[in-house]
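Q: all I have is the shape, not the residue letters:
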């Protein structure tokens, strides 16, 4: 099927609307619009020397490259045209969420080839990735543009540079604009929002209006006392904790009354993880559910766009900060490759490190995998470290889970169902490690190599219940036949899943010398109605008494909410090892480290609270430095 002129005009319009964002760190090229970098398609390997596809009739034979904006990244493709037809589409590079984006990469290229057109349906639950692939193919078929990426022209004189456009960066930027500051907002990915595209709606604080509406009396002093009692004196940064307690209520009120966040039924909840006697947690959209944090994103993004239109904010997407500029004890700005941007204040709001294997392993993991968005990559930690920043409490990991299956390296695609009736957990020697009912995460943390086998027997098999399933980040893509077909496929490969007709055969496959004796003891305990080792509820004990036997190799995994952070003082300024602060360099959000505020506990809503509280404070400190 060939393109007609009308089709080409339509595709050109689509390209103008969906074009790739300019990276402000790259060599100079086409100028950007006044408020936000333009988007352009990447050129092919031969640049302008490539022969362009014909305006009418069949496509011109050749290999063309282009790129388009996906959910988290630019997607670069190569399109091969032979005999006037699109014959092959290859994905050259992308950093979309593994698993979640897989259906789009599997289906869209073939759909385009089959239709000989980019006018194809997007894949449900992978809309933005689908649209990015389509835009990339359109860019390739239009011949690409000259140059790789181009530098955006700075259109404002910034009073503050905000690095990262997740919730902390958005709160900082919007509040700074309210205070009359000019803000340069730099975001490494292709859209604003970061992890709040996926997070639940909880946020916590002390002394905010919703507490008053529900008859709860609370003070910063009471909040701080609870942190000391539950988190452990000496386990956290006292200055950070007090400042957070003192300002968190006002931050929630700002989101509520000024920004217009919808808090749903405006009720209070105890909070997940560690509950406090005083109710301090409320929820955007009144929901815990993944995605409820969009209740924060949508009004913040609306205010951001208003500030962009007013000329107070310039947003540069696809812009990676490679260095913080610090002279002596004074922050001066940032570098993006060879390009410098200068301002009296810089706010590092780059989020946590749930998608950074190196930083996670500082907590003592030998093996750990991640289901987190790739934007949670810890980039700000390295920027801070390069100017003397110090990491605190990186040996703590308050939130992690057990049961991830390391089929794809660090990226988590599958997990064991750690609620499957009757399952037992054994270590690499074949010994049980604890009461399976509790799913204590420390069973994985304390196991050799952090590895446990999750085992069931044939008498437990229920094909209506998944034993193997997709990761929590990909729950919208359930496996066929509740995962039992995939389990058989993986068991045939024998690397992460195993199947045997007898316990002896399974023990040999796993190399677990004590497995047979362990199961014999467990079966005897199940018959006697008492777990002699770990006190498991007899009602949940099912004897492993007939084949086939299945085992899944599992390790710890993380999803959201890292623990450690970069050291800062009570104003959020970066602190060096010698105790000196870098003036004008502020931290906001998860990069401060929830454990640095809460100590040994985790409290529901702490991450969103840190984003709003410290984003507002950073903006106000920047206003003081700008004398506005």
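A: Perfect, I can see it now. Computed from a predicted model, the values in this text were never measured in an experiment. Residues are numbered from 1 along each chain as shown.
Q: point out where the chain drops to low pLDDT.
A: 1-59, 143-151, 272-273, 398, 475-476 (pLDDT under 70).
Q: hmm, 80 instead?
A: Across the chain, the ranges flagged by pLDDT under 80 are 1-60, 71-72, 97-100, 125, 142-152, 271-275, 397-399, 472-477, 560-561, 628.
Q: please parse it into its domains.
A: For the chain, automatic domain parsing gives the domain ranges 5-141, 160-391+561-626, 405-558.
Q: quick check: which of those domains is buried the most?
A: domain 160-391+561-626 (a mean of 22; mean count of other C-beta atoms under 10 Å). All C-beta spots, glycine's among them, are computed from the backbone N, C-alpha and C.
Q: show me how far that one is from its chain's centre.
A: Relative to the chain's own centre, domain 160-391+561-626 is displaced by 14 Å; criterion: C-alpha atoms, centre = their mean, to the nearest Å.
Q: same question for stretch 71-86.
A: So, by C-alpha atoms, centre = their mean, the centroid of stretch 71-86 is 27 Å from its chain's centroid.
Q: same check, this time on stretch 132-139
A: 24 Å.
Q: ditto for stretch 554-572
A: 13 Å.
Q: looking at the domains of the chain, which is closest to residue 397?
A: Among the domains of the chain, the nearest to residue 397 by C-beta to C-beta is domain 160-391+561-626 (4.0 Å).
Q: end-to-end on that closest one?
A: Using C-alpha to C-alpha, to the nearest Å, the end-to-end distance of domain 160-391+561-626 comes to 8 Å.
Q: re the thing from before, let's have the domains of the chain in a markdown table, adding distance to residue 154.
A: Formatted as a markdown table, those follow (distance: least, C-beta to C-beta, whole Å):
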| stretch | distance to residue 154 |
| --- | --- |
| domain 5-141 | 8 |
| domain 160-391+561-626 | 7 |
| domain 405-558 | 36 |
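Q: out of those domains, which is closest to residue 153?
A: domain 5-141 (5.1 Å).
Q: tell me which element the closest residue to residue 285 other than its chain neighbours falls in.
A: Take residue 285 and drop its neighbours on the chain: the residue closest to it by C-beta to C-beta, 6 or more residues apart in numbering is residue 295, 4.1 Å away. Using DSSP states H and E, the element containing residue 295 is helix 294-309.
Q: who touches that helix?
A: 35-36, 167, 170-171, 173-174, 177, 183, 185, 192-193, 196-197, 201, 203, 255, 259-264, 284-285, 287, 313-315, 608 (C-beta atoms under 8 Å, 6 or more residues apart in numbering).
Q: keep only those of these that are in strands.
A: 183, 185, 203, 313, 314, 315 (DSSP state E).
Q: what's the most distant pair in those residues?
A: 203 and 314, at 28.2 Å, using C-beta to C-beta across those.
Q: start and end of stretch 331-346, how far apart?
A: Stretch 331-346 end-to-end distance (C-alpha to C-alpha) = 7 Å.
Q: what's the answer for stretch 498-508, then?
A: End-to-end distance (C-alpha to C-alpha), stretch 498-508: 11 Å.
Q: I'd like to know how far residue 558 sits from residue 189.
A: 19 Å (C-beta to C-beta, to the nearest Å).
Q: repeat that for residue 205.
A: 28 Å.
Q: do the same with residue 305
A: For residue 305 relative to residue 189 (C-beta to C-beta), the value is 17 Å.
Q: now, which of the contacts of helix 294-309 lie within helices?
A: The members of the contacts of helix 294-309 that map onto helices under DSSP state H are 167, 170, 171, 173, 174, 177, 608.
Q: and the residues you listed, which two are furthest apart?
A: Across the ones in helices among the contacts of helix 294-309 (C-beta to C-beta), the longest gap, 20.2 Å, separates 177 and 608.
Q: check for me that residue 66 belongs to a strand.
A: Yes. Counting by DSSP: H, G, I helix; E, B strand; the rest coil, residue 66 is part of a strand.
Q: shouldn't it be in contact with residue 141?
A: Yes. Judged on C-beta atoms under 8 Å, residue 66 makes contact with residue 141 at a distance of 7.4 Å.
Q: between those two, what contacts are shared?
A: Common neighbours of residue 66 and residue 141 (C-beta under 8 Å, 6+ apart) are residue 79.
Q: ok, now which ones touch the nearest residue to residue 511 once chain neighbours are set aside?
A: Nearest non-adjacent residue to residue 511, counting by C-beta to C-beta, 6+ apart: residue 428, 7.4 Å away. Residue 428 makes contact with 447, 448, 449, 451, 453, 510, 511, 512, according to C-beta under 8 Å, 6+ apart.
Q: likewise for residue 628?
A: 159, 179, 180, 181.
Q: for residue 415, see how far away the nearest residue to residue 577 once chain neighbours are set aside is.
A: Spatial nearest neighbour of residue 577, excluding adjacent residues (C-beta to C-beta, 6+ apart): residue 390 at 5.2 Å. Using C-beta to C-beta, residue 390 is found at 34 Å from residue 415.
Q: try residue 266
A: Distance from residue 266 to residue 415, by C-beta to C-beta: 35 Å.
Q: ok, residue 370 next?
A: 12 Å.
Q: residue 377 too?
A: In terms of C-beta to C-beta, residue 377 sits 21 Å off from residue 415.
Q: distance of the closest residue to residue 206 other than its chain neighbours relative to residue 233?
A: Among residues not flanking residue 206 along the chain, residue 223 sits closest, at 3.8 Å (C-beta to C-beta, 6+ apart). Distance from residue 223 to residue 233, counting by C-beta to C-beta: 15 Å.
Q: now do residue 128
A: 46 Å.
Q: tell me which residue is most central in the protein.
A: residue 373 (2.7 Å; C-alpha atoms, centre = their mean).
Q: nearest residue to it in space, please, no chain neighbours.
A: residue 195 (5.5 Å).
Q: residues in contact with the residue nearest to residue 577?
A: 566, 567, 575, 576, 577 are the contacts of residue 390 under C-beta under 8 Å, 6+ apart.
Q: wait, residue 422 touches residue 540, no?
A: Yes. Counting by C-beta under 8 Å, residue 540 is a contact partner of residue 422 at 7.4 Å.
Q: can you classify residue 318 by secondary structure?
A: With three-state DSSP as the criterion, residue 318 reads coil.
Q: surely it is in contact with residue 188?
A: Yes. Assessed by C-beta under 8 Å, residue 318 is found in contact with residue 188 at 7.2 Å.
Q: which residues sit in contact with the residue nearest to the centre of the chain?
A: 72, 97, 194, 195, 197, 198, 354, 355, 473.
Q: give me that answer again for 7 Å
A: 72, 97, 195, 198, 355 (C-beta atoms under 7 Å, 6 or more residues apart in numbering).
Q: go on, residue 154?
A: 314, 341.
Q: how close does it get to residue 341?
A: 7 Å.
Q: same question for residue 133.
A: Taking C-beta to C-beta, one finds residue 133 at 32 Å from residue 341.
Q: next one: residue 547
A: 65 Å.
Q: and for residue 397?
A: 35 Å.
Q: then residue 492?
A: For residue 492 relative to residue 341 (C-beta to C-beta), the value is 54 Å.
Q: cool, and residue 299?
A: For residue 299, the distance to residue 341 - C-beta to C-beta - is 27 Å.
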